[in-house]
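**Student:** Whatever this is, show me its structure:
(one chain, ligands or ions: 3)
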Amino acid sequence: MDFQLKTLTVAQAAAEKSDVLIVLAGSAPIVSKDPLSVLAASARKAGDLPDKAGKLLSLYRPEGVVAGRVVLAAIGDGKPASVRSGVAAAVSAAKAQPARRVTLVFAQPADGPAVAAAVIAAAEASYVYTTTKPKAEPRSIRQLTIGVADAGAVSQPFDEARATVRGIELAKEWGNRPANHATPTLLGEAAKELGKLPNIKCEVLGPKEVEKLGMGSFAAVAQGSAQPLRFIVLRYQGAPKSQAPVVLVGKGITFDTGGVSLKPAAEMDEMKFDMCGAASVLGTFRALGDIQPAINVVGLIPSCENMNDGRAVKPGDVVTSMSGQTIEVLNTDAEGRLILCDALTYAKRFEPAAVIDIATLTGACVIALGGVRSGLFSSDDTLAAALEAAGEASQDRCWRMPLDDDYAEGLKSNFADVANIAGRAGGAITAAKFLQRFASDFAWAHLDIAGTAWKSGAAKGSTGRPVGLLVSYLMGRVGSTGAEDGTQGAKAGAKTKVGKKAGKSAAAPAGKTRTEK
Ligand code: BES
Ligand code: MN
Ligand code: ZN
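**Tutor:** Ligands and ions are numbered 1, 2, ... in the order given. Now for the predicted structure:
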């Protein structure tokens with residue numbers, strides 16, 4: 001979908017050539033005297049357009065409006081969450097009939113966060129998956145023009161939101177693809193495509209290189225599959241090399257059968273979504289490629305299938321991780337942590353400012369937090385606070401969970417340094433405690449997105465989360481020195497080059513070269 005931002009009053013929006021005009025009406029009195037504003041004000045007064053975000057009133061060919069259909073949509077207090085529900089409802093109504101061009105105008109002044117929320121909600125409501133369903137009704141809305149009182153004042157948040165949408169939609173695409181259309185090899189190729197964007201480089205390692213690195217834990221998960229594993233390394237360099245990067249690590253299990261510790265058949269198809277952490281890293285890089293912020297980011301994706309086979313790793317097998325720690329694989333279905341631990345060890349070579357892993361890690365996290373908030377675990381209070389704030393700002397929320405050492409008791413093993421499972425109790429936390437053993441050399445956070453990365457049931461599909469959270473967090477770091485503690489930098493958005501063309505190497509200023517081991 002093509003987004004545009006324009007300075008438009010409601011009266012000017014009425015003259016815009018489009019199929020549907022959406023007028024977003026907040027709680028403040030609507031004072032303009034153009035016909036549509038007068039209509040909206042009188043509907044409000046009569047109680048036909050209640051002041052509750054998401055309430056709609058549809059009109060057909062009202063006098064003086066070019067668009068055939070008009071949807072008046074309440075956005076309550078005008079805060080991002082309210083704009084989001086108002087826009088979601090209005091765009092869903094707009095697309096009930098084919099509509100190629102939609103204009104969406106704010107009847108009252110709108111700030112950057114409100115405009116960003118409108119862009120993201122409109123994209124969300126109009127998204128259609130077509131890759132393996134080519135006859136599906138394609139997305140009808142091709143062009144969305146957003147009208148605000150002063151386009152110049154909100155152009156940066158608008159551009160960032162548009163870039164975030166591209167990232168979210170890339171994450172959805174890969175999340176939604178069935179496992180036979182999203183193998184580790186194909187994920188590697190998708191990452192390579194991103195490597196063509198300005199300031200992004202991509203390297204994809206295969207089984208031999210991974211073995212050479214000593215990633216025995218990752219390799220053990222992959223060994224039961226006919227699909228070769230991939231270890232993807234993405235780098236975005238928007239700041240001098242001397243600035244420590246944030247490393248994002250995404251779980252890329254393209255299908256999780258559970259392995260020998262086989263999962264039950266019901267809903268096993270949903271384990272195609274077990275690479276949504278990886279997809280969120282790809283999506284975040286897609287957004288970085290557009291926004292070109294002055295930061296450095298590394299993306300690491302260990303990717304393989306978890307299959308049941310004559311060669312598959314067995315319960316009780318002991319494997320040696322890249323860190324040197326031995327692991328007793330008591331349950332082959334706790335495979336996410338086995339691939340992530342080696343990626344965390346690999347992350348150390350970047351001397352990172354912070355490392356954040358993103359993983360559909362535990363069913364226990366779904367029980368704890370449902371589909372509303374992702375689980376956040378962190379050894380670093382500043383980093384945790386920055387991620388919580390980014391989740392609020394992007395409405396892609398998370399909730400901090402504990403990491404007391406007592407939770408690690410159950411991970412003790414008689415045959416290895418650590419076991420890969422503890423008891424049933426506190427399963428999301430014990431998984432995080434396992435990962436923490438491999439993340440002691442840097443500020444680290446873990447996002448368990450098992451509940452938030454996709455929806456089940458009739459609305460089954462990837463959500464693209466937590467791309468919004470990650471982009472918001474990274475933009476908050478622009479201007480920071482890359483301090484070890486995840487300190488927030490200058491105001492989000494400063495020093496970026498959104499919308500401008502950035503040369504492939506021109507925007508990579510020389511600096512002190514950091515040594516990589
Ligand atoms: N990919 C799953 C986690 C998952 C399960 C996410 C259901 C969303 C819905 C993960 O690999 C897994 O199987 N975890 C096990 C861990 C257990 C064996 C300790 C789980 O949560 O059951
Ligand atoms: Mn599993
Ligand atoms: Zn899994």
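**Student:** What distance do you get for the residue in the stretch 251-400 of the chain that ligand 2 sits nearest to to ligand 3?
**Tutor:** Nearest residue of the stretch 251-400 of the chain to ligand 2: D333, at 3.9 Å (C-beta to the ion). C-beta coordinates here come from the backbone N, C-alpha and C atoms, glycine included. To ligand 3, D333 is 7 Å away according to C-beta to the ion, to the nearest Å.
**Student:** With P240 instead?
**Tutor:** P240 is 38 Å from ligand 3, by C-beta to the ion.
**Student:** quick one on the thing from earlier: ok, the residue of the stretch 251-400 of the chain closest to ligand 2 - contacts?
**Tutor:** D333 is in contact with 256, 258-259, 261-263, 306, counting by C-beta atoms under 8 Å, 6 or more residues apart in numbering.
**Student:** Tell me how the protein divides into domains.
**Tutor:** What automatic domain parsing lists as the domains of the chain is 2-148, 168-477+486-490.
**Student:** can you give me the end-to-end distance of the shortest one?
**Tutor:** What that stands for is domain 2-148. 17 Å (C-alpha to C-alpha, to the nearest Å).
**Student:** distance between it and the chain's centre?
**Tutor:** 25 Å (C-alpha atoms, centre = their mean, to the nearest Å).
**Student:** hang on, the earlier thing: quick one, which of the domains of the chain is packed in tightest?
**Tutor:** domain 168-477+486-490 (a mean of 22; mean count of other C-beta atoms under 10 Å).
**Student:** Next one: it, is it in contact with ligand 1?
**Tutor:** Yes. Legend: contact between domain 168-477+486-490 and ligand 1 by C-beta under 6 Å from any ligand atom is shown at 256, 274, 331, 333-336, 360-364, 366, 421, 427, 450.
**Student:** Among those, which are located in helices?
**Tutor:** 336, 363-364, 366, 427 (DSSP state H).
**Student:** was I right about D417 contacting T320?
**Tutor:** No. With contacts counted by C-beta atoms under 8 Å, D417 stays clear of T320, the gap being 9.4 Å.
**Student:** Check the contact lists of those two and give me the overlap.
**Tutor:** By C-beta under 8 Å, 6+ apart, the residues touching both D417 and T320 are 326-327.
**Student:** For the stretch 401-517 of the chain, which residue gets nearest to ligand 2?
**Tutor:** Residue nearest to ligand 2 within the stretch 401-517 of the chain: A450 (10.0 Å; C-beta to the ion).
**Student:** right, and the helix or strand after the helix or strand where I301 lies?
**Tutor:** I301 is located in strand 296-306, with elements delineated by DSSP states H and E. As assigned by DSSP H and E, the chain's next helix or strand after strand 296-306 is strand 317-320.
**Student:** now what about that following strand, what contacts it?
**Tutor:** Contacts of strand 317-320 (C-beta under 8 Å, 6+ apart): 214, 216-217, 219-220, 313, 326-329, 338, 415-416.
**Student:** Give me the subset of these lying in strands.
**Tutor:** 326-329 (DSSP state E).
**Student:** Using TSV, please lay out those residues together with distance to ligand 3 and pLDDT.
**Tutor:** Listed next are these as TSV, based on distance: C-beta to the ion, whole Å; pLDDT from 0 to 100:
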residue	distance to ligand 3	pLDDT
T326	21	99
I327	16	99
E328	18	99
V329	14	99
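**Student:** Pick the one among the contacts of D333 closest to S92.
**Tutor:** Proximity of those to S92 (C-beta to C-beta) peaks at D256, which lies at 32.4 Å.
**Student:** In contact with E137, which residues are there?
**Tutor:** E137 sits next to V128 when contact means C-beta under 8 Å, 6+ apart.
**Student:** Tell me the bridge partners for S58.
**Tutor:** Here S58 sits in beta bridges with V71, going by DSSP bridges.
**Student:** now do E305
**Tutor:** In beta-bridge terms (that is, DSSP bridges), E305 pairs with F255.
**Student:** sec struct for I146, please.
**Tutor:** strand (DSSP: H, G, I helix; E, B strand; the rest coil).
**Student:** picking that back up, thought G363 was touching the residue of the stretch 401-517 of the chain closest to ligand 2, still the case?
**Tutor:** Yes. Contact criterion C-beta under 8 Å: A450 and G363 qualify, at 6.4 Å.
**Student:** Pick out the residue of this protein closest to ligand 3.
**Tutor:** Closest approach between the chain and ligand 3, counting by C-beta to the ion: D256, at 3.7 Å.
**Student:** if we can go back for a sec, could the domains of the chain go into CSV alongside distance to F158?
**Tutor:** As requested, the domains of the chain are exported to CSV (distance: least, C-beta to C-beta, whole Å):
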stretch, distance to F158
domain 2-148, 5
domain 168-477+486-490, 12
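**Student:** and the helix ranked longest in the chain, how far from the chain's centre?
**Tutor:** Counting residues, the longest helix in the chain under DSSP H turns out to be helix 155-176. Remark: helix 155-176 is offset 9 Å from the chain centroid, using C-alpha atoms, centre = their mean.
**Student:** what does stretch 275-286 give?
**Tutor:** Computed by C-alpha atoms, centre = their mean, the chain-centroid distance of stretch 275-286 equals 6 Å.
**Student:** need the helix or strand of this structure with the lowest average pLDDT.
**Tutor:** helix 35-46 (a mean of 94; mean pLDDT, DSSP states H and E).
**Student:** Which strands or helices does it pack on?
**Tutor:** The contact analysis (3 or more C-beta pairs under 8 Å, 6 or more residues apart in numbering; DSSP states H and E) places helix 35-46 against helix 10-14, strand 20-25, strand 69-74.
**Student:** right, and these - which one's nearest ligand 2?
**Tutor:** By C-beta to the ion (comparing all of the helices and strands packed on helix 35-46), the closest turns out to be strand 69-74, at 41.9 Å.
**Student:** what's the angle between the helix or strand just after that closest one and strand 20-25?
**Tutor:** From strand 69-74 onward toward the C-terminus, using DSSP H and E, the following helix or strand is helix 80-94. Relative orientation of helix 80-94 and strand 20-25, computed by axes from the mean of the first three to the mean of the last three C-alpha atoms, to 10 degrees: 150 degrees.
**Student:** Can you dump the C-alpha atoms of helix 80-94 in CSV for me?
**Tutor:** Only the C-alpha atoms of helix 80-94 are listed here, as CSV (Å, rounded to 0.1, in the frame of the first residue of the first chain):
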residue,chain,number,x,y,z
PRO,A,80,-2.5,6.5,19.8
ALA,A,81,-4.5,3.6,21.2
SER,A,82,-7.8,5.4,20.4
VAL,A,83,-6.7,6.4,17.0
ARG,A,84,-5.7,2.8,16.4
SER,A,85,-9.2,1.4,17.2
GLY,A,86,-10.9,4.2,15.3
VAL,A,87,-8.8,3.7,12.2
ALA,A,88,-9.0,-0.1,12.4
ALA,A,89,-12.8,0.0,12.5
ALA,A,90,-13.0,2.6,9.7
VAL,A,91,-10.6,0.9,7.4
SER,A,92,-12.3,-2.4,7.9
ALA,A,93,-15.6,-0.7,7.0
ALA,A,94,-14.0,1.0,4.0
